[in-house]
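Colleague: give me a 3D structure for the following:
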Amino acid sequence: MSKKFNLLSCVWELTLSCNLNCIHCGSTAGKKRDNELNLDESFNLCEDLKKTGCRSVALMGGEPLIHKNFWSIAEKIRELNMNLCIITNGTVYDDTTFKKLKSLSPEAVATSLDGASEETHDKIRGVNGSFKKTTNFINRALKEGLPVSVITTVSKLNISELNGLKDFIKGKKIAWQIQTAGAEGERFPAAYLLDENEFYSVGLFIEMLRNNYDISDMPVIGAHDMGYNSCVIKHTALYEKWPGCQAGMSVVGIRSNGDVLGCLSLNNEKFIEGNLRNRSLYDIWNDENSFSYNRTDLKKPGKSCSGCKYFSDCGGGCMEMSFMKTGELHNDPYCFYRIEKKLFNPIKRYFLSFRSSFSGHSRERLEFLNKFFGGTRK
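Modeller: Numbers count the residues shown, from 1 in each chain. So this is what the prediction gives:
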């Protein structure tokens, strides 16, 4: 009997249409896809997600609030008792938006903030005035009592503004997710990608925030691409130990045209498992041949992970980072453990690991972060 995989979360690209022109967008959003799902097909997908056991749905774009059926689809998700997250650029709203969002009881209303200054944010987002609109959106959502999250995508363009962003976020009950830019899209020059030292410094920045600020004032995590197995940097995400990439394991991505992928960040046609107009999500998810690159294929470490003692659990890190950086899976070169082997000798790593075990990252702190990023604001 084949192993059963439980679908916990779906990231649904409601439309590829977008009013901004973000330089790092992995989907190169702007114009809508041909043949995007209509309302009946979207409702069918909601029912199918529920049937498959999905607990949480994140609606994103493009810009989801542009989609004419956004509110109907969001309401359908909640009617089916699935948790709802909304990922928006925070520039498409009017005076009615915030009360309508609150009526949905979302788990999170996440918006991107990629600079502490108007100049930097607007340069990255490709539209002048977006910083003012987005910060106003954040402040109005907070005033309405919505569970606000801020997502910051770090590259060479804005790594120097992390401290300024910290000052904006601190003490406002904002959940802050820090992630690194990839070069999957067509607008992002590879020259803007973080190098290994810069990547590691972002991890150290997250660790500094965890150690120097009360967790209720600065609830911060690193995304799935930040890791792994460091002797210094503990718990950048919402778990004690990196469980391996969850693409096709507990997470699924849906494109606006019905394409099904293990993760939308794996933005390559080779990772399409099927289309909802041909097969139901339930059938695709439960097909023993689906997502074989992560479920059933013998995982062989690439050069970056060869000989690593953590590979059997880690599986080679984030698939998106691995594929983007090397063209291979199970081969993520941006790994804290790998970087630290270059920086520190074994004795130094042992000492740092021993010292960091007393850094105060308790299970209670992780439980608080999980509740906070799950929408609890008390």
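Colleague: hey, let's count contacts and neighbours off CA atoms from now on
Modeller: Will do.
Colleague: pLDDT below threshold where in the protein?
Modeller: 1-2, 235, 298, 346-363, 365-366, 378 (pLDDT under 70).
Colleague: quick one, strands of it?
Modeller: 9-13, 56-60, 83-88, 108-112, 148-154, 175-180, 220-222, 251-254, 259-261, 272-275 (DSSP state E).
Colleague: I'd like those strands laid out as CSV, including distance to residue 228.
Modeller: Shown next, in CSV, are the strands of the chain (distance: least, C-alpha to C-alpha, whole Å):
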stretch, distance to residue 228
strand 9-13, 22
strand 56-60, 25
strand 83-88, 26
strand 108-112, 24
strand 148-154, 18
strand 175-180, 14
strand 220-222, 11
strand 251-254, 20
strand 259-261, 24
strand 272-275, 27
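Colleague: could the ones you listed go into JSON lines alongside mean neighbour count?
Modeller: Shown next, in JSON lines, are these (neighbours: other C-alpha atoms under 10 Å):
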{"stretch": "strand 9-13", "mean neighbour count": "23"}
{"stretch": "strand 56-60", "mean neighbour count": "24"}
{"stretch": "strand 83-88", "mean neighbour count": "24"}
{"stretch": "strand 108-112", "mean neighbour count": "23"}
{"stretch": "strand 148-154", "mean neighbour count": "24"}
{"stretch": "strand 175-180", "mean neighbour count": "23"}
{"stretch": "strand 220-222", "mean neighbour count": "25"}
{"stretch": "strand 251-254", "mean neighbour count": "24"}
{"stretch": "strand 259-261", "mean neighbour count": "25"}
{"stretch": "strand 272-275", "mean neighbour count": "19"}
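Colleague: tell me which of those lies nearest to residue 303.
Modeller: Closest to residue 303 of the strands of the chain, according to C-alpha to C-alpha: strand 175-180, at 21.9 Å.
Colleague: show me the contact partners of that closest one.
Modeller: Strand 175-180 has contacts (C-alpha atoms under 8 Å, 6 or more residues apart in numbering) with 148-155, 169, 194, 199, 218-226, 372-373.
Colleague: can you state the direction angle for that strand and strand 108-112?
Modeller: 40 degrees (axes from the mean of the first three to the mean of the last three C-alpha atoms, to 10 degrees).
Colleague: so strand 175-180 versus strand 148-154, what angle?
Modeller: Using the same axes, to 10 degrees: strand 175-180 against strand 148-154 is 20 degrees.
Colleague: C-alpha coordinates for strand 175-180, CSV please?
Modeller: Taking Å, rounded to 0.1, in the frame of the first residue of the first chain, the C-alpha atoms of strand 175-180 are listed here in CSV:
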residue,chain,number,x,y,z
ALA,A,175,4.0,38.9,12.0
TRP,A,176,7.2,39.4,9.9
GLN,A,177,8.4,36.8,7.4
ILE,A,178,11.8,37.3,5.8
GLN,A,179,12.7,35.4,2.6
THR,A,180,15.3,35.7,-0.1
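Colleague: ok, it: who's next to it in the sheet?
Modeller: strand 148-154 (parallel), strand 220-222 (parallel) (DSSP bridges).
Colleague: so which of those strands is nearest residue 93?
Modeller: strand 148-154 (15.1 Å).
Colleague: ok, residues contacting that closest one?
Modeller: Contacts of strand 148-154 (C-alpha under 8 Å, 6+ apart): 108-115, 138, 141-142, 173-181, 194, 373.
Colleague: ok, residue 194 - contacts?
Modeller: 154-156, 180-181.
Colleague: kindly recompute the last result at 10 Å.
Modeller: Residue 194 makes contacts with 154-157, 159, 180-182, 200-202, 334, as judged by C-alpha atoms under 10 Å, 6 or more residues apart in numbering.
Colleague: from residue 223, how far out is it?
Modeller: 15 Å (C-alpha to C-alpha, to the nearest Å).
Colleague: got it, and residue 160?
Modeller: 19 Å.
Colleague: please check the contacts of residue 194 and keep the buried ones.
Modeller: Neighbour-count burial (16 or more other C-alpha atoms under 10 Å) is assigned, among the contacts of residue 194, to 154-155, 157, 159, 180-182, 200, 202, 334.
Colleague: in the stretch 251-378 of the chain, which spans are helices?
Modeller: Along the stretch 251-378 of the chain, the stretches classed as helices by DSSP state H, counting those that start in this stretch are 281-286, 292-295, 311-314, 319-326, 336-343, 346-356, 363-373.
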